[in-house]
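>>> structure, please.
(chains A, B, C and D)
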There are 4 protein chains.
Amino acid sequence: MHKNRLEAFSDGVMAILITIMILEIKVPEGHELADLKPLTAPLLAYLMSFIFLGIYWHNHHHLMQAVKRVNGKILWANSHLLFWLSLVPVGTLWMGESHFATTPTAIYGVMLCGAGFAYFLLTRSLVAHHGDDSHLAKALGSDIKGKASLLIYLAAIGLAFVHPYIAVALYLAVEVMWLVPDARIEKILLSGSE
Amino acid sequence: MHKNRLEAFSDGVMAILITIMILEIKVPEGHELADLKPLTAPLLAYLMSFIFLGIYWHNHHHLMQAVKRVNGKILWANSHLLFWLSLVPVGTLWMGESHFATTPTAIYGVMLCGAGFAYFLLTRSLVAHHGDDSHLAKALGSDIKGKASLLIYLAAIGLAFVHPYIAVALYLAVEVMWLVPDARIEKILLSGSE
Amino acid sequence: MHKNRLEAFSDGVMAILITIMILEIKVPEGHELADLKPLTAPLLAYLMSFIFLGIYWHNHHHLMQAVKRVNGKILWANSHLLFWLSLVPVGTLWMGESHFATTPTAIYGVMLCGAGFAYFLLTRSLVAHHGDDSHLAKALGSDIKGKASLLIYLAAIGLAFVHPYIAVALYLAVEVMWLVPDARIEKILLSGSE
Amino acid sequence: MHKNRLEAFSDGVMAILITIMILEIKVPEGHELADLKPLTAPLLAYLMSFIFLGIYWHNHHHLMQAVKRVNGKILWANSHLLFWLSLVPVGTLWMGESHFATTPTAIYGVMLCGAGFAYFLLTRSLVAHHGDDSHLAKALGSDIKGKASLLIYLAAIGLAFVHPYIAVALYLAVEVMWLVPDARIEKILLSGSE
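Numbers count the residues shown, from 1 in each chain, chains lettered A, B, ... in the order given. This next block holds a predicted model:
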């Protein structure tokens, strides 16, 4: 079974998700600069989700480059990930419209946890199919970043009930952690494709 | 005629359908956990349709791997399938918002019947084009699962008028039937691509 | 310049257009079969537009198979076609919600005219780039069907003011004309790819 | 790292953006020709944004043809561009519904500036990765058009406060500048692929 259509389908779903979120933002009724003010929270939430989906697309891209073949279980592990990601637009809208109220901000973390855990399961099913000695398994390594993200999301869900801004800060911290270039991973991947 | 663009177009349509369904879910107006409660039925309906569309994508993926060439009739048989699938988001929303009321739940079954029958017609037009001795015809076999699904949908439509939950249970049963890995089919397909 | 991305982009846009039309259909508020009745006209309009977009995708697919190379002018001729096609969802909704009232039905014909003429311009720019002796020019021939469609659309726009159902009948006639398999064209295309 | 998935993802996002804008246009409630009148400004705004997104797609297509390889930084520079482009539907709707009022028209220019600057950063990161002597660097040249566009957008934002139609005229001027075929660039690209 080839990985091409899996990649194409995932790219399609992620491209649509990242794009339709903007449809949820209500255009202001007035035509003055002040009318944009209520959009601040929705736009910040949109930007945060845009980056999260971008990170997932980016990581998925990396991951699939090391993949040689897929099976039915992997296709479903991938669909499971896409399911969690598909909830992001609704969760983003709820959090944004509530101006980062406690419950929506905590629920947003639950969604991120779901997506992060689904991604972890996807990597497990890929390693199971390729073997522990595979290039893929080595490139993934112990996946510290992935596990740390899950722990931070869990902490953020709890701390949202102290103050939702703590949760938001933790979500942003995860984004920064992934955006900082990780030269080591690219090197391993490159050495493998040689 | 090449099958690549048929695959790409079908992937595109299915990726969009699976994704836009979430747009139909209304964000709750309040910001408490209790405000999520009315979303339970729509989210369950969404999850069910997400899995149905995933199964169609998965089966379409499998089917197309055994396809060597397509003609005009096959393109239209494929469009016919996509038409029925395109009704899924509206049917899902109606069933979800009605909290699985009788008529919407039965109509959902009519949609599934339409899609299942269109898939059957697509496989027939593919076999007609490839020949009864083709690898494709062998891989499809007697298509017990496909025919069983259609019968279960028909039963579900009738039984929805006894109690809609019976229909929902039958829809879920069909999903489980398809999700259980069918190692035999993968083996035949693999042996063919060798 | 390669035609692949042009195909991919056009497929993407057409897949999205064919899919988002369904988003415009309002889910009925009640949960009885009778509540589906106001959907009849919108669903019929949707089905008609689904087939029109399917025909465009189908013809575009055929056309691009005979194309060897593209230039900037062709890219813009293609975008021009996509622009007219992008109006189809709104025109369909207006016609459907009006239950095929005179003006919306006539305007629908104007949109079809625009798309048909844009398609004609696209074929002209392709022939100009490939030469009058090219396989492409031969495959297109005198394009009787395309020209006949434009004339029928023009007639339909006028006759919509006699009774809109005449226009609808003419739109359907054009669809039937394109759906009837045209073995001759496939033969020429096949002979060319040999 | 291969550029294919970057192209496919960008094409997907741009195809979706160009298409969903039409979803934002409200279908008129009446069924007479006069009821279309309030749609004039939204449709003009839509047409303008359709052309802007078409230009970006076109330029992106050109740019990527000269690209040999991508890295993480380039993927994010590309996502940054897509973020700005993703704001276009909302900005278009606001400007259109306001019938080109001052603030929405100026904000539209801010969006165009953001996208233009993001495109500039993308070309910089590509040149940094390919080297100043690369075919890519030569094809880009001094990018007069890109820089001129940014300056015109800045002027338009300011002049929108004199009269918004001046800004609209300047946006259209930028579009014309890009639509006029630039035979020189195609020649350099062609000479490079030989």
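
>>> in stretch A:91-101, what's buried?
For stretch A:91-101, the neighbour count (16 or more other Cβ atoms under 10 Å in any protein chain shown) marks A:Gly91, A:Thr92, A:Leu93, A:Trp94, A:Met95, A:Gly96, A:Glu97, A:Ser98, A:His99, A:Phe100, A:Ala101 as buried. Backbone N, C-alpha and C define where each C-beta goes, glycine included.

>>> test my guess that the fifth one contacts A:Ala45.
It refers to A:Met95. Yes - between A:Met95 and A:Ala45 there is a contact under Cβ atoms under 8 Å: 5.0 Å.

>>> joint contacts of those two?
Common contacts of A:Met95 and A:Ala45 (Cβ atoms under 8 Å, 6 or more residues apart in numbering or on different chains): none found.

>>> who in chain A is up against chain B?
Contact residues (Cβ under 8 Å from any Cβ of the partner chain) of chain A with chain B: A:1-2, A:5, A:8-9, A:12-13, A:16-17, A:20, A:23-24, A:71-73, A:75-76, A:79, A:82-83, A:86-87, A:89-90, A:93-94, A:97-98, A:101-104, A:107.

>>> give the contact list for the nearest residue to A:Gly131 once chain neighbours are set aside.
Leaving aside its sequence neighbours, A:Gly131 sits nearest to A:Ala137 (Cβ to Cβ, 6 or more residues apart in numbering or on different chains; 6.8 Å). Under the criterion of Cβ under 8 Å, 6+ apart, the neighbours of A:Ala137 are A:Val127, A:His130, A:Gly131.

>>> most neighbours of all the residues you listed, which one?
Counting neighbours by other Cβ atoms under 10 Å in any protein chain shown, A:His130 leads those with 19 neighbours.

>>> contacts only, for that residue.
A:Val67, A:Lys68, A:Arg69, A:Leu136, A:Ala137.

>>> from these, which two are the most distant?
Largest separation among the contacts of A:His130 by Cβ to Cβ: A:Arg69 and A:Ala137, giving 14.2 Å.

>>> which parts of chain A are strands?
Remark: no strands are assigned in chain A by DSSP state E.

>>> okay, now the unreliable bits of it?
A:1, A:181-194 (pLDDT under 70).

>>> which bits of it sit near chain D?
A:7-8, A:11-12, A:14-16, A:18-20, A:22-23, A:25, A:27-28, A:31-33, A:35-36, A:47, A:50, A:54, A:57-58, A:61, A:65, A:179, A:181, A:186, A:189.

>>> write a ChimeraX command that selects only the buried members of those residues.
Buried residues among the residues of chain A next to chain D (16+ other Cβ under 10 Å), as a ChimeraX selection:
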select /A:7,8,11,12,14,15,16,18,19,20,22,23,25,27,28,31,35,50,54,57,58,61,65,189
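
>>> quick check: closest non-adjacent residue to A:Ala148.
Counting by Cβ to Cβ, 6+ apart, the residue nearest A:Ala148 is A:Met177, at 7.2 Å.

>>> settle this for me: that neighbour is touching A:Ser149, isn't it.
Yes - A:Met177 lies in contact with A:Ser149 (Cβ under 8 Å); the separation is 7.3 Å.

>>> looking at the two, which is more packed in?
A:Ser149 (25 against 15).

>>> now do the same contact list for A:Glu29.
Counted by Cβ under 8 Å, 6+ apart, A:Glu29 has contacts A:Asp35.

>>> hmm, 10 Å instead?
For A:Glu29, the contacting residues are A:Asp35, A:Pro38, D:Trp94, D:Glu97, D:Ser98, by Cβ atoms under 10 Å, 6 or more residues apart in numbering or on different chains.

>>> A:Ile55 now?
Contacts of A:Ile55 (Cβ under 10 Å, 6+ apart): A:Ser149, A:Val174, A:Glu175, A:Met177, A:Trp178, A:Leu179, D:Trp76, D:Ser79.
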